[in-house]
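K.L.:
Need coordinates for the following:
(chains A, B, C and D)
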Protein chains: 2
Amino acid sequence: MAPQTRQRILDCALAMFNAQGEPNVTTNHIADELEISPGNLYYHFRNKDDIIEQLFGRYEERIGAAMTVPEGRLPGLEDIWLQLHLVFECIWDYRFLYRDLIDILSRNRRLRMRFARILKRATDNASSVIRGLARAGIVRASAAEMDALATNILVVATFWLNFGASRGDQDESKSIRLGIVQVMMLISPFLRDAERVHLNTLSQAYDD
Amino acid sequence: MAPQTRQRILDCALAMFNAQGEPNVTTNHIADELEISPGNLYYHFRNKDDIIEQLFGRYEERIGAAMTVPEGRLPGLEDIWLQLHLVFECIWDYRFLYRDLIDILSRNRRLRMRFARILKRATDNASSVIRGLARAGIVRASAAEMDALATNILVVATFWLNFGASRGDQDESKSIRLGIVQVMMLISPFLRDAERVHLNTLSQAYDD
DNA sequence: GTCTATAAATGGATAGAC
DNA sequence: GTCTATCCATTTATAGAC
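P.N.:
Purely as a prediction, here's the structure:
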């Protein structure tokens, strides 16, 4: 009953971090919740930061998988919807990281570099998809606008959950869908009329 | 030499919170820095949260002053530039609040409500200015797009500094200007051609 | 691998003298 | 108003038995 103790600790830590916020969860809380001793927890992990780093590794792999540009063809709007779903669901599953992002990164140089790398890759990925949409004739924008758009997509995606929390949103179950729509509405004004009208209609349906 | 001790504590706390992050500054650190005793600090403030609440009061007043719609005339783009400068400079001066926003709000119900109220007012203010620009014929957008735009302006303004930090931006002195441009670029695609081209040119000048 | 016990350090906060 | 002294609670982390 416990060769998987290491994994149970990680799973429990993730759940508690997400529920209560990483700064409010101590190693003792995690041990208590799992009904194991603090000593046992420290047998498996050097310290709290070690646990966070392992969870970050999982996150890194998952978000990396969500960043792909269609191969051998131009992207369409449906590709964007799908990709946003993957990204937002990953962010949701590791939301503790985003909740206290700056504080967590400030304590760990390695994580700081790894997260910066992810943001860079994500921005490049967004840029690439946007240029694909432009080549497909679906969007029309200047180079400066496409750069700004890619960055703004990243800002909104990264901090949407925090925005919802700071504005006092009650229904957390809606936040992913609302976030996706919010990002799509960043793209809306650059679309051809047909897609633009369609999206505006859709956005109201997604809102309910 | 100290009827203004209370103010000195607030000033020092603000500077240290901004420099090191609120979670990393204790009441003892503040007392040390001011070369007063912890007991003295606790004579002036009930606890650390009390200090934060007072600083929040200052912030609230300042950000409130930045939210005004021009009276008796329609707004132009210059009004937006000015207002964004006021808002971003206020955010910069109280950046500790934004750095650990969710954690700070989670610990204090009153602050949570007050910040939600500010965000609400700011979004209404943005909406109102955007509708003014539409009435002036400067922007063209659907109702859904104007709502989404107002929200996205708030998201980007609120979390721009955090985005810069998480992506590893080195030169903090540029962050305000870059943030303002980034918000303007949210508006860009809705502008008439003349203003839109002008803004795209400007955005490169601001970038240097 | 896991537990008990506990050290060591920190942070928040107060009592009481001056 | 300010200081000294100190307490209490929490948190991280380790030693050593089982």
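
K.L.:
Distance from the longest helix seen in chain A to the middle of the chain?
P.N.:
As assigned by DSSP state H, the longest helix anywhere in chain A is helix A:109-135. Taking CA atoms, centre = their mean, to the nearest Å, one finds helix A:109-135 lying 12 Å from the centre of the chain it belongs to.

K.L.:
With stretch A:195-208 instead?
P.N.:
Taking CA atoms, centre = their mean, one finds the center of stretch A:195-208 at 23 Å from the center of the full chain.

K.L.:
does any part of it sit near chain B?
P.N.:
Yes. Contact of stretch A:195-208 with chain B (CB under 8 Å from any CB of the partner chain) involves A:Asn200, A:Ser203, A:Gln204. (Glycine included, C-beta is placed from N, CA and C.)

K.L.:
Ranking by neighbours, what's the top pick from those?
P.N.:
A:Ser203 (21 neighbours; other CB atoms under 10 Å in any protein chain shown).

K.L.:
Could I get the buried residue list for the helix or strand harbouring that one?
P.N.:
Of the helices and strands defined by DSSP states H and E, A:Ser203 is found in helix A:193-207. Buried residues in helix A:193-207, counted by 16 or more other CB atoms under 10 Å in any protein chain shown: A:Glu195, A:Arg196, A:Leu199, A:Asn200, A:Leu202, A:Ser203.

K.L.:
Tell me which residue is most central in chain A.
P.N.:
For chain A, the residue nearest the mean C-alpha position is A:Ile91 (2.8 Å; CA atoms, centre = their mean).

K.L.:
Tell me the spacing between A:Gly76 and chain B.
P.N.:
Distance, A:Gly76 to chain B, by CB to the nearest CB, to the nearest Å: 20 Å.

K.L.:
ok, now A:Asp103?
P.N.:
In this view, A:Asp103 and chain B are 6 Å apart by CB to the nearest CB.

K.L.:
is it true that that residue touches B:Asp100?
P.N.:
Yes. With contact defined as CB atoms under 8 Å, A:Asp103 counts as touching B:Asp100 (5.7 Å).

K.L.:
Same drill for the two, tell me which one is more crowded.
P.N.:
Legend: neighbour count by other CB under 10 Å for A:Asp103 and B:Asp100, higher for B:Asp100 (24 against 17).

K.L.:
got the contact list for that one?
P.N.:
Applying CB atoms under 8 Å, 6 or more residues apart in numbering or on different chains, one finds that B:Asp100 lies in contact with A:Asp100, A:Ile102, A:Asp103, B:Gly21, B:Glu22, B:Pro23.

K.L.:
so where do the helices sit in chain A?
P.N.:
Listed in chain order, the helices of chain A (DSSP H) span A:5-20, A:27-34, A:38-44, A:48-66, A:77-93, A:95-99, A:101-106, A:109-135, A:143-166, A:175-187, A:193-207.

K.L.:
can those helices go into JSON lines with extra columns for mean pLDDT?
P.N.:
Listed next are these as JSON lines, based on pLDDT from 0 to 100:
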{"stretch": "helix A:5-20", "mean pLDDT": "98"}
{"stretch": "helix A:27-34", "mean pLDDT": "98"}
{"stretch": "helix A:38-44", "mean pLDDT": "97"}
{"stretch": "helix A:48-66", "mean pLDDT": "98"}
{"stretch": "helix A:77-93", "mean pLDDT": "97"}
{"stretch": "helix A:95-99", "mean pLDDT": "98"}
{"stretch": "helix A:101-106", "mean pLDDT": "98"}
{"stretch": "helix A:109-135", "mean pLDDT": "98"}
{"stretch": "helix A:143-166", "mean pLDDT": "98"}
{"stretch": "helix A:175-187", "mean pLDDT": "97"}
{"stretch": "helix A:193-207", "mean pLDDT": "87"}
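
K.L.:
Now render these as CSV, adding distance to DNA strand D.
P.N.:
Converted to CSV, the helices of chain A look like this (distance: least, CB to the nearest atom of the strand, whole Å):
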stretch, distance to DNA strand D
helix A:5-20, 11
helix A:27-34, 4
helix A:38-44, 3
helix A:48-66, 5
helix A:77-93, 22
helix A:95-99, 14
helix A:101-106, 13
helix A:109-135, 16
helix A:143-166, 21
helix A:175-187, 27
helix A:193-207, 39
